[in-house]
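A.B. asks: Give me a 3D structure for the following:
(chains A and B)
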Protein chains: 2
Amino acid sequence: MTGKFEALSVETLPKRLGENAALSERIGKDSSRWTVREVGDGNLNLVFIVEGDKGAAVVKQALPYVRLVGDSWPLPLKRSFFEYHALTRQERRAPGSVPAIYHFDEDQALIVMEYLSPHVILRRALIDGRELPNIARDIGLFMARTLFRGSDLSMVTKERKADLALFADNVELCDITENLVFSDPYFDAEMNRHTSPQLDGVVAELRADRDLKVEAQRLKHLFAANAETLLHGDLHSGSIMVTDTETRMIDPEFAFYGPIAFDVGMLLANFWMAFFSQRGHEEKGSRDSMRAYLLNVTAETWAIFRAEFSQLWRTERTGMLYHRSLFEDQGDRLAAEQALDHVLSGIWTDLLGFSGIEVHRRILGLAHNADFETIADENLRARCEAKALRFGRHIAVNRRQIHSIDEVNNLAALIEQESRI
Amino acid sequence: MTGKFEALSVETLPKRLGENAALSERIGKDSSRWTVREVGDGNLNLVFIVEGDKGAAVVKQALPYVRLVGDSWPLPLKRSFFEYHALTRQERRAPGSVPAIYHFDEDQALIVMEYLSPHVILRRALIDGRELPNIARDIGLFMARTLFRGSDLSMVTKERKADLALFADNVELCDITENLVFSDPYFDAEMNRHTSPQLDGVVAELRADRDLKVEAQRLKHLFAANAETLLHGDLHSGSIMVTDTETRMIDPEFAFYGPIAFDVGMLLANFWMAFFSQRGHEEKGSRDSMRAYLLNVTAETWAIFRAEFSQLWRTERTGMLYHRSLFEDQGDRLAAEQALDHVLSGIWTDLLGFSGIEVHRRILGLAHNADFETIADENLRARCEAKALRFGRHIAVNRRQIHSIDEVNNLAALIEQESRI
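C.D. replies: Residues are numbered from 1 along each chain as shown, chains lettered A, B, ... in the order given. Sure, this is the predicted structure:
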């Protein structure tokens, strides 16, 4: 299957991919016995699960437009190319953390990859109140390893710059983030929506909030200019699949070179949103344990990230930045520790900003998340959302004055309790 | 003249470029009457002045190695490509500030450009004690215009990212800066040299200075990762040609996307070094006025930069960052001013760091500058250099606690006076 792009369908897939050795060897050669389901519930792409005699695989295909919106919003097929290249780099830098890739077809913008089963989307698990024991550790390690090893802390500079140039072409997906995350939520942009009229007051307040808007734009500046490492670029709880013991990161089509703090901040924001949404999913008090769990997950994820990043700093700092020749090789290990503290402190300050902004865009922008959306009672949903909005504003604007994850979690708990009804 | 690269010589140039219309139309068609001088006094390239009946032009040709060091240090010819593309962008963004380009030959890595006469290198003029009236204004405007207009404050994002990818390939010249500016001065690197034994003590002190080294590496991190705008990349007083009324920026072959503060910091550092070197060039007290002039030039350059950057911010902020839709269009002009203050404050803090590091590398690294080098008396030279080193260390390490250019200039004057002999 080569040549001009054509979208797959449940009907055409076995015929069109029947000769594909990578797929047929994996799931069985008799494509007439394959069963195909289209399960794409994301905003952008087609996703098929294909099952044959021997096994199953996922076929993910990009469409030349945004699926959520339709062909009025064109989007390049090349995002599949970026996803493929991001997945291969992530697998190398954090082995076992992403689905295995069986085949990539650039013309057809499709990736054949491992079918993860019985994995479910992490966001769904958190809505259901499942307390997964390993996610903090798995995600913390994934972030530390991919973000450290994709930067000038580790890479050969020439290779990093060539890779930077490669991913600089992922313009349209970055543009989505630049607009939908950093700008649209803060003015009356066309595609915005929010729970209305309940949130109208707080939305007006945020859009008139000078400090918040300036901070959001500073963060956009950082996002756009600070090409520090290869990011996943869309690392939220909808981009992670889990079982009780396994965690896999998927869907890195927004990958590009940006600030380390962006992936970490977006991820933690989604845990905090899960926290604020629990009230919408509970029988009286039944989610107390889940709430405690979620705050603990944020603390643990950050602790694991810090610990692993520090470990890599001490053992794998082979890039051109903070080179050993200036520190350890001169007998000054503490200098390397001092530099590490400065780097981690910068990541911390910025991730709070990115976190706050991510919370806002999920409640005020185009792409909402199921944590809140699945709360049918609009008044209840709005109360959850309003708390999250206030929390996001606080950590974004005060990010330079907040020093520990415990402070943030205490704030979250305070906001959650104060407005309990 | 096309095909395989061959270095020009005084003898071969008229023959090889005799048929070049851009050149012959400018200086006269009869190439047998051309006179050619090789005047390259920089570290990297061949530079010819070619004169004919009608006029003169400069032919600058890259060599496949570093001229200063020889063919043991290869360097890509492609730097000529980056220089050409930087010059065309600078001319568009700051008209009249760079030499006019008549012709570019990528294969031969040569640029035919305007012969600036009676211009001299600014560094030479400052060593000679010339108080040029326009440099602060001309350079301040050049920096504000090129750095603002080359960023996401102004450009179409897609175009900026394509340009970022183009210049990301200027790896080897960035590598020179990364090593020679940010790392080598702080350990016993092979190519280093300094006035010895007079400076041995202070050099040992700086190389053992943990705070300084961590700061230098933080700045390297910023330099490498913060792809904010198209930089000149080597904007020192040796890259500027002047008359009493004209100022032109030359030699942008180090151009790449980096932090706004880098160009500004390097430039100001060269004024401060000129200041500290005056004692080496004076009869008793004869350079008092020149010293006052130089400190005034730094203050005025920064003031002009700020004013022009602010003016462009208010009138040309058409890029995706700090968009009017969030500020002015919501009737909140002060929000845009607040964001401007934050951006300028960030540039200020970082430029002090880059300035301090630039001072160090010019005294401790490979590429020294004539301000100090032309002081024949080594003891006198070392005293000038030691003051500059202490100054550089102070502003780099304390950059977050220094708030105005007057404080920096007062510090410079204090250091200069305290150790007068």
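A.B. asks: Please report how far A:Phe327 lies from chain B.
C.D. replies: Distance of A:Phe327 to chain B, given as C-beta to the nearest C-beta, to the nearest Å: 7 Å. Placement of C-beta: from N, CA and C, glycine included.
A.B. asks: list the contacts for that residue?
C.D. replies: By C-beta atoms under 8 Å, 6 or more residues apart in numbering or on different chains, the contact set of A:Phe327 is A:333, A:335-336, A:339, B:213.
A.B. asks: Taking those, please make a PyMOL selection of just the buried ones.
C.D. replies: Buried residues within the contacts of A:Phe327, by 16 or more other C-beta atoms under 10 Å in any protein chain shown, are selected in PyMOL with:
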select buried, (chain A and resi 335+336+339) or (chain B and resi 213)
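A.B. asks: which two from the contacts of A:Phe327 end up farthest apart in space?
C.D. replies: Within the contacts of A:Phe327, A:Arg333 and B:Lys213 form the most distant pair, 12.7 Å apart (C-beta to C-beta).
A.B. asks: Tell me, what's the model's pLDDT at the residue nearest to the spatial centre of chain A?
C.D. replies: Centroid check for chain A by C-alpha atoms, centre = their mean gives A:Leu235 as the closest residue, at 0.8 Å. A:Leu235 is assigned 98 on the pLDDT scale.
A.B. asks: so which helix or strand takes in it?
C.D. replies: Under the criterion DSSP states H and E, no helix or strand holds A:Leu235.
A.B. asks: ok, now which ones touch it?
C.D. replies: A:143, A:249, A:263, A:266-267.
A.B. asks: farthest-separated two in those residues?
C.D. replies: A:Met249 and A:Met266 (12.3 Å).
A.B. asks: for the stretch 251-400 of chain A, what spans make up the strands?
C.D. replies: For the stretch 251-400 of chain A, the strands defined by DSSP state E, counting those that start in this stretch cover A:256-258.
A.B. asks: Could you list the contact residues of it toward chain B?
C.D. replies: A:320-323, A:325-327, A:329-330, A:332, A:334-335, A:338-339, A:342-343 (C-beta under 8 Å from any C-beta of the partner chain).
A.B. asks: So which of the residues you listed are in helices?
C.D. replies: A:334-335, A:338-339, A:342-343 (DSSP state H).
A.B. asks: Quick check: A:Leu116 vs chain B, distance?
C.D. replies: From A:Leu116 to chain B the distance is 33 Å (C-beta to the nearest C-beta).
A.B. asks: before we move on, what SS does that residue have?
C.D. replies: coil (DSSP: H, G, I helix; E, B strand; the rest coil).
A.B. asks: And for it, nearest residue in space, chain neighbours not counted?
C.D. replies: A:Met241 (5.0 Å; C-beta to C-beta, 6 or more residues apart in numbering or on different chains).
A.B. asks: So A:Asp71 sits against A:Tyr65, correct?
C.D. replies: Yes: in terms of C-beta atoms under 8 Å, A:Asp71 counts as a neighbour of A:Tyr65; the distance is 4.3 Å.
A.B. asks: So for these two, which sits in the more crowded spot?
C.D. replies: A:Tyr65 (16 against 11; other C-beta atoms under 10 Å in any protein chain shown).
A.B. asks: Who are the contact partners of that one?
C.D. replies: A:71-75.
A.B. asks: Pretty sure A:Val36 sits against A:Val10.
C.D. replies: Yes: using C-beta under 8 Å, A:Val36 makes contact with A:Val10 at a distance of 4.6 Å.
A.B. asks: Tell me which of those two has more neighbours.
C.D. replies: Between A:Val36 and A:Val10, counting by other C-beta under 10 Å, A:Val36 is the more crowded of the two (19 against 13).
A.B. asks: helix/strand/coil for the more buried one?
C.D. replies: Applying three-state DSSP: A:Val36 is strand.
A.B. asks: Could you pull up the residues touching it?
C.D. replies: A:10, A:13-14, A:48-51.
A.B. asks: can you pick the most crowded of these?
C.D. replies: Most neighbours among the contacts of A:Val36, by other C-beta under 10 Å: A:Val50, with 25 neighbours.
A.B. asks: Whichever strand or helix holds it packs against which elements?
C.D. replies: A:Val50 is located in strand A:46-51, with elements delineated by DSSP H and E. Counting contacts by 3 or more C-beta pairs under 8 Å, 6 or more residues apart in numbering or on different chains; DSSP states H and E, strand A:46-51 packs against helix A:13-17, helix A:21-27, strand A:35-38, strand A:56-61.
A.B. asks: Would you mind finding the most buried of those?
C.D. replies: strand A:56-61 (a mean of 22; mean count of other C-beta atoms under 10 Å in any protein chain shown).
A.B. asks: Please name the strands paired to that one in the sheet, noting orientation.
C.D. replies: strand A:46-51 (antiparallel), strand A:110-114 (antiparallel) (DSSP bridges).
A.B. asks: how about the CA coordinates for the first one, as CSV?
C.D. replies: Extracted as CSV, the C-alpha positions of strand A:46-51 are listed here (Å, rounded to 0.1, in the frame of the first residue of the first chain):
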residue,chain,number,x,y,z
LEU,A,46,-8.7,7.3,12.9
VAL,A,47,-7.7,4.4,15.2
PHE,A,48,-8.5,0.7,14.3
ILE,A,49,-8.1,-2.4,16.3
VAL,A,50,-7.4,-5.3,13.9
GLU,A,51,-7.6,-8.8,15.2
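A.B. asks: Can you name the residues in contact with it?
C.D. replies: A:7-8, A:10, A:13-14, A:17, A:23, A:27, A:34-41, A:56-63, A:67, A:115.
A.B. asks: Equivalent analysis for the shortest one, please.
C.D. replies: Strand A:110-114 is contacted by residues A:8, A:17, A:20, A:22-23, A:26, A:57-62, A:80, A:83-84, A:87, A:99-105 when judged by C-beta under 8 Å, 6+ apart.
A.B. asks: Recalculate using a threshold of 6 Å.
C.D. replies: Residues outside strand A:110-114 that contact it (C-beta atoms under 6 Å, 6 or more residues apart in numbering or on different chains) are A:22-23, A:57-61, A:84, A:99-104.
A.B. asks: Which two of the residues you listed have the greatest separation?
C.D. replies: Checking the contacts of strand A:110-114 with C-beta to C-beta, the most distant pair is A:Gln61 and A:Ala100, at 17.8 Å.
A.B. asks: could the contacts of strand A:110-114 go into CSV alongside pLDDT?
C.D. replies: Shown next, in CSV, are the contacts of strand A:110-114 (pLDDT from 0 to 100):
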residue, pLDDT
A:Ala22, 95
A:Leu23, 96
A:Ala57, 97
A:Val58, 97
A:Val59, 97
A:Lys60, 96
A:Gln61, 96
A:Tyr84, 98
A:Pro99, 98
A:Ala100, 97
A:Ile101, 97
A:Tyr102, 97
A:His103, 97
A:Phe104, 98
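A.B. asks: With distance to A:Phe167 as added columns, please give those in a markdown table.
C.D. replies: Formatted as a markdown table, the contacts of strand A:110-114 follow (distance: C-beta to C-beta, whole Å):
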| residue | distance to A:Phe167 |
| --- | --- |
| A:Ala22 | 25 |
| A:Leu23 | 27 |
| A:Ala57 | 26 |
| A:Val58 | 23 |
| A:Val59 | 24 |
| A:Lys60 | 19 |
| A:Gln61 | 21 |
| A:Tyr84 | 12 |
| A:Pro99 | 20 |
| A:Ala100 | 22 |
| A:Ile101 | 18 |
| A:Tyr102 | 23 |
| A:His103 | 22 |
| A:Phe104 | 16 |
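A.B. asks: what's the burial count for the residue lying closest to A:Met266 once chain neighbours are set aside?
C.D. replies: Nearest residue to A:Met266, sequence neighbours excluded (C-beta to C-beta, 6+ apart): A:Glu358, at 4.8 Å. Around A:Glu358 there are 27 other residues, counting by other C-beta under 10 Å.
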